[in-house]
Each structure stands twice: as C-alpha cells, then as structure tokens.
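J.: Show me how the following folds:
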Amino acid sequence: MANLRELAESHLAAARTDKHGRSALLIANDGPLRQTVIALREGIELAEHNSPPASSLQVLVGRVRVVVDDEPHGEFGEGELWILTHERHSVLALADSVFLLTTVTNQQGQDSYT
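T.: Predicted coordinates for the structure are as follows:
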C-alpha cells in the first residue's frame, strides 16, 4: 500500500534537485486505472497534452494551475480534488507541488480526448 505523504515528500525532494524540476512514480496500474504521484518544482509546467477518457488531479502539496488554450482553467491547492477537462491542457506549478493524477485509460472503443 502506498503512503501518499511519504511519496509526496520523497518526490518533491527529488524534483527540487532534478535538472527538469520534476519527479513522478506510477503507483497503481490496474486494468484501465492509473494513479501517478507527480512532483513539480515551482514554475515547472507539464506541457499541453491530451486528456484520457477520465481523470482527476488531487493536490497533496503546493498549488497548481490547469491551463486550456493558453487561458487559466483553475487553480488548486492542498487537499483539493479536480476533475480534469476533456480538452488538451497543461499543468503549471505555482509553488513546489505534488499531486496525485488518477486516470482511466482507453477502454473498449474509447479514445483520449484531443
């Protein structure tokens, strides 16, 4: 069983020393379900990307902004859970941050949203 507090601490420490300012670990991989802990140093962005059929972002540490079409879609802090848009989006760390990304990957006949 994963301890999210410990994972957040260790991956944030790794992101702070990583030349790209990030660290991530897939912690659940069960059929179409994926859960990943992602740590980003302040100012680091996950570039625009497609959205899977379903996904959520739960901030464990810090604050992040979701951006759609170069416009802020929302800002989320510790303890907040957000259902992600079905549009291409990016994620920007407004502070050193860690979040749990939960996704449901392609299921029979379902494609990622682009």
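
J.: For the helix or strand of the chain with the lowest mean pLDDT, what is the distance to the chain centroid?
T.: The weakest-scoring helix or strand in the chain, judged by mean pLDDT, DSSP states H and E, is strand 71-77 (a mean of 87). Put simply, strand 71-77 sits 13 Å off its chain's centre (CA atoms, centre = their mean, to the nearest Å).

J.: That one: which residues count as buried?
T.: 73, 76 (16 or more other CB atoms under 10 Å). In short, each C-beta sits where N, CA and C put it, glycine included.

J.: Check which strands are paired with that strand and give the direction for each one.
T.: When pairing is defined by DSSP bridges, strand 71-77 lines up against strand 63-68 (antiparallel).

J.: rewinding a little: CA atoms only for the least confident helix or strand of the chain, dumped as CSV, please.
T.: Coordinates of each C-alpha in strand 71-77 appear next as CSV, following Å, rounded to 0.1, in the frame of the first residue of the first chain:
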residue,chain,number,x,y,z
GLU,A,71,-6.2,30.5,-20.5
PRO,A,72,-6.2,29.6,-16.8
HIS,A,73,-8.9,26.9,-16.3
GLY,A,74,-8.5,26.7,-12.5
GLU,A,75,-6.0,26.9,-9.6
PHE,A,76,-6.0,24.2,-7.0
GLY,A,77,-4.2,23.9,-3.6
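
J.: List of residues touching it?
T.: Contacts to strand 71-77, defined as CB atoms under 8 Å, 6 or more residues apart in numbering, come from residues 57, 59, 62-67, 82, 85, 89, 94.
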